[in-house]
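here is a sequence together with a model predicted from it:
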Amino acid sequence: MVVPFDPGGGSDLFGRAVAAGLEEVRPDLNISTENRPGGSGTIGYTYFYEQSGDPHFLLGAENAMVSLPLQHEELPYDATSWTPLGMVVEDTIFLIGSADAGWQDFEGFLAAAREADSAGDPLAIAQPTAESVEAMPLQTVLEKEGITVEFVTFDGTAGSIPALLAGDIDGILANPSEVEGQVEAGDFAPVVANTKNSLEIEPYQGIPSLADLGYEPRGAFSQFRGVLAPPDIPDCAQQYWTEALKEWTETEAYQEYVESNVVAPNQIWGDEWLTYLDDVEKGYQEVYETTGG
Amino acid sequence: METLTEILAGLQAAVSPVNILYCFVGVTLGTIIGMLPGLGSATGVALLLPLTLTLDPLSALIMLAGIYYGSQYGATISTVLVATPGDSSSAVVLFDGYPMAQQGRAGGALASAAIASFVGGTTSLIVLMAALPMLSAVALQFGPPETVALAVLGLLSIAGFTGGGSLVKGIAAAAFGVLIATIGLDAQSGQARYTFGRVELFGGLGYIEVIIGIIAVAEVFRQMGRGAENPMTTGWRDMMITRDELRRTWRPAFRGSAIGFVLGILPGVGATLASFFSYDVEKRLAGPRRHLFGTGMVEGVAGPESANNAATNGSFAPTLTLGIPGSGTTAVLLGAFLVFGLQPGPLLLEQQPTIVWGLIISFWIGNLILLVLNLPLAPAFAYVLRVPYGLMYPFILFLCLAGAYSLTNRMWSVWVTLIFGVIGFLMQRYGYPVIPVILGLILGPIMETGLARSLSISHGDPTIFLTRPGSLALLLLAAALVMAPPLIRRIYPTAKSQPAPQKEARVDSK
């Protein structure tokens, strides 16, 4: 199991959960998880590409598999190069503001952002990666409303949480599990789910998603997590892994992963996943074209 | 109250048999590494880091930190017994420790050093534990502009103090570190920089590969062709410290603790400066016996040793609370934290209290183990120096390269390590210090992302660094650190002669 990011992050937790899950449903398997971090994921994906044809490798994938090849022409692969096994969850990214920011819901945020923008001092929102895939849904909505917001890249939330606490920035985009402590303490308030669907996990049920608020969901709204095999593996191997993954999603361990990481179950198996990925790719292309990114 | 519970949880974790074992292994290895000339604590930690990757993070960090302060003790042993400082921070002990050994009082010197180190370690630890929650609270108020200012302070101070007199070479080395840190995808925009279209370079050059290369491999190259040392032997009875020596150890030890902690806390300044400073203070306080310094004064051993050890603990304060390394070795340790998925910074104490407190308490346990080990066994350790370098250094080289490979499981890392070994060798040969490169490599990205974030927040207005009191104060301090040494030298021309013996020691050692 290749994880193209550092140990301890969301991708690492996902990769390890999948590896443990597959071992649970196929007791004769022994899967080792290998972190190959670097280059926002390019190092790991490239290593994985070098394993073409070998069905003994898996990779815990997320949006970077679509965004990286679009941004770096040097990469010899794109989102459809791989053997898709299945998408298993959708990650949820919330727009989270500090509790004393003066806006408690998305409408309030828009009003504040508009006011700040016209005053020449746009709001600053932290995004967790430079690829800005997490910021894309919000970005498209803001574009539609004609509001400019400054997206500031912080790697993960280790730097952005203190920055929001200190008032240096106005909001952060993060998975709620990363700011649980601050939300519980009442310092931070999640405002809107920056995804297609709202969450059904306590205490985030009441928080609307962008789609709930009437914004048309697009491909770029998705934050998925799934599992890939290298290109050109035998069909029977693809079937084997997809079956095993399916079985994992029926276990309690899967439920536990979903709840503790505050993600939404959403499964698409095998080649059907390609249609979905295609949609995401189109969404990204549109955004990159308009932003010139 | 909550803090107390967390400290107790840390204590519990630190005194678990497994962690005490790792602590013991760490300090013992550290002592041995510290004794080997040139192989300082930064090398030791970089060398053994890959071996700890499979351990639980706390155990790994305990062992690595053990190597850090263990090597300070080891460096003292080789300084006293063979007049070859294993580490620059022990160089000052040469002035009085080696003469003591020549007079047959090596035991007194080593025991006094061990006791003073223990005092320095213990007192500074208490201060560190009291200060850490406060520092974390202050660090939370640190925004991107303060981070930039602190990184500038760290870079300038280390460049100034390890440059062996040449500030320009120190700054050049630091700039080189910053430059190589820009290779790879830019963290802000995701653009590829200096990658020449090679995907291997997208991730940049790994900290640890560069560190192993530029410090450890380079040192092996440098030491090629050296024979074994012939350490002075000391009998069991000589190891006993006399009552008089013990009495003269306490006060310098406590003064050294204070000096060490304060200087250690400043990013980059570190242990070497603290030990020299403490020596100077002891000399000034000695009054009529001042002229005896340099002939074997216990005070001249106890003060610097205590300062040296206290500075080690002090350097953990900015590392743990701000993610800004306080010394070259903590820079390497910072890399270790990241490898284990721990992000040093103001949230570390909040999110991982057990690891932070466990680690800090392990320092004390480690110092205790070292005291117990060193009082009777220091001369025995010195036998390690009799192993011919022809056997030892190939083994170390093998460890370096195997370690580099194990970091990423790619031959690429081995090549990076070797190339930086050659670069490090050439740098030392032409008088460029290598520690600033590492600081540059680690602080460069911190500074750059801080700069980009600051300017994002201020919408491109650079005065943000001067209008915020925190960053202004830090920048002024940085300016003072660069300006002060030349000014002092101009006012007191004699002060210049001080660092010179450090160089002599290098030449002396065959």
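Yep, it's here.

use CA for all of it now, contacts and neighbours both
Noted.

show the backbone phi and psi for the residue nearest the centre of chain A.
Against the mean C-alpha coordinate of chain A, by C-alpha atoms, centre = their mean, the closest residue is A:Q223 at 3.7 Å. Backbone torsions of A:Q223, given as degrees, to the nearest 10, read phi -130, psi 90.

count of residues packed around B:R105?
22 (other C-alpha atoms under 10 Å in any protein chain shown).

quick one: pLDDT of the nearest residue to the residue nearest to the centre of chain A once chain neighbours are set aside?
Once flanking residues are discounted, A:Q223 sits nearest to A:D91: 5.1 Å by C-alpha to C-alpha, 6 or more residues apart in numbering or on different chains. Listed pLDDT for A:D91 reads 82.

quick revisit: give the contact list for the residue nearest to the centre of chain A.
A:E62, A:N63, A:E90, A:D91, A:T92, A:I93, A:V133, A:E134, A:T195 (C-alpha atoms under 8 Å, 6 or more residues apart in numbering or on different chains).

in what helix or strand does A:P265 lie?
Assigned by DSSP states H and E, A:P265 falls within strand A:264-269.

which strands or helices does that strand pack on?
Packed against strand A:264-269, as judged by 3 or more C-alpha pairs under 8 Å, 6 or more residues apart in numbering or on different chains; DSSP states H and E, are the following elements: strand A:83-90.

next one: the strand it packs on to chain centre, how far?
On the basis of C-alpha atoms, centre = their mean, to the nearest Å, strand A:83-90 is displaced by 13 Å from the centre of the chain it belongs to.

list of residues touching it?
By C-alpha under 8 Å, 6+ apart, the surrounding residues in contact with strand A:83-90 are A:222-233, A:238-239, A:241-242, A:245, A:249, A:258, A:263-271, A:273-274.

quick one: mean pLDDT for whichever helix or strand comes after the strand holding A:P265?
Remark: after strand A:264-269, the chain's next helix or strand is helix A:272-291, criterion DSSP H and E. Across helix A:272-291, pLDDT averages out at 83.

just the buried positions in helix A:272-291, please.
For helix A:272-291, burial by neighbour count (16 or more other C-alpha atoms under 10 Å in any protein chain shown) applies to A:W273, A:L274, A:L277, A:V280, A:E281, A:G283, A:Y284, A:Q285, A:V287.

what's in contact with stretch B:400-415?
So stretch B:400-415 is in contact with A:36, B:47-51, B:200, B:206, B:208-209, B:212-213, B:216-217, B:417-418, going by C-alpha under 8 Å, 6+ apart.

if we use 7 Å, what do you get?
Residues from elsewhere that reach stretch B:400-415, judged by C-alpha atoms under 7 Å, 6 or more residues apart in numbering or on different chains: A:R36, B:L47, B:P50, B:E209, B:I212, B:V217, B:T417.

compare those and tell me which is most surrounded.
B:I212 (34 neighbours).

so that one sits in a helix?
Yes: under DSSP: H, G, I helix; E, B strand; the rest coil, B:I212 falls within a helix.

next up, the contacts around it.
Applying C-alpha under 7 Å, 6+ apart, the residues contacting B:I212 are B:T43, B:A46, B:L47, B:C400, B:T417.

among those, which lie within helices?
B:T43, B:A46, B:L47, B:C400, B:T417 (DSSP state H).

where's the second one relative to A:A64, distance?
Look at B:A46 and A:A64: by C-alpha to C-alpha, to the nearest Å, they are 31 Å apart.

so for these two, which sits in the more crowded spot?
Using other C-alpha under 10 Å as the criterion, B:A46 and A:A64 rank with B:A46 on top: 29 against 21.

ok, back up a step: of the contacts of stretch B:400-415, which pair is most distant in space?
Greatest spacing in the contacts of stretch B:400-415, by C-alpha to C-alpha: A:R36 and B:V217 (24.3 Å).

flag every residue of the stretch 151-293 of chain A that's near chain B.
A:V152, A:T153, A:A158, A:P162, A:A163, A:A166, A:D168 (C-alpha under 7 Å from any C-alpha of the partner chain).

on that earlier part again, ok, so of the contacts of stretch B:400-415, who is nearest A:F14?
A:F14 has its nearest neighbour among these in A:R36, at 14.4 Å by C-alpha to C-alpha.

in terms of pLDDT, where does A:P231 sit?
For A:P231, the predicted pLDDT is 93.

over to B:I180?
92.

can you tell me, leaving aside adjacent residues, what's nearest to it?
Here the residue nearest B:I180, using C-alpha to C-alpha, 6+ apart, is B:L441, at 6.7 Å.

isn't there a helix covering that neighbour?
Yes: B:L441 forms part of a helix when assessed by three-state DSSP.

list the contacts for it?
B:G177, B:V178, B:I180, B:A181.

what about the third one, distance to B:G197?
Translated: B:I180. From B:I180 to B:G197 the distance is 16 Å (C-alpha to C-alpha).

same deal with B:T52?
For B:T52, the distance to B:G197 (C-alpha to C-alpha) stands at 33 Å.

now A:A189: which helix or strand?
With DSSP H and E as the test, A:A189 turns up in strand A:188-193.

what packs against that strand?
Here strand A:188-193 touches strand A:94-98, going by 3 or more C-alpha pairs under 7 Å, 6 or more residues apart in numbering or on different chains; DSSP states H and E.

distance of A:E256 relative to chain B?
21 Å (C-alpha to the nearest C-alpha, to the nearest Å).

next, the buried residues of the biggest helix by length in chain B.
Under DSSP H, the helix in chain B containing the largest number of residues is helix B:106-140. Under the neighbour-count criterion of 16+ other C-alpha under 10 Å, helix B:106-140 has B:106-125, B:127-129, B:132-133, B:135-136, B:139-140 buried.

do it and chain A meet?
Yes: counting by C-alpha under 7 Å from any C-alpha, chain A is contacted by helix B:106-140 at B:L140.

for the record, mean pLDDT for whichever helix or strand comes after that helix?
Next helix or strand after helix B:106-140 toward the C-terminus (DSSP H and E): helix B:144-161. What helix B:144-161 shows for mean pLDDT is 79.

what is helix B:144-161 packed up against?
By 3+ C-alpha pairs under 7 Å, 6+ apart, helix B:144-161 packs against helix B:167-181, helix B:435-457, helix B:469-491.

convert the C-alpha atoms of the helix or strand following the second one to PDB, please.
Stepping forward along the backbone from helix B:435-457, the first helix or strand reached (DSSP H and E) is helix B:464-467. In PDB, the C-alpha atoms belonging to helix B:464-467 read as follows (Å, rounded to 0.1, in the frame of the first residue of the first chain):
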ATOM      1  CA  ILE B 464       3.900  44.200   8.200                       C
ATOM      2  CA  PHE B 465       7.300  43.100   9.600                       C
ATOM      3  CA  LEU B 466       8.000  46.400  11.200                       C
ATOM      4  CA  THR B 467       4.600  47.400  12.500                       C
END
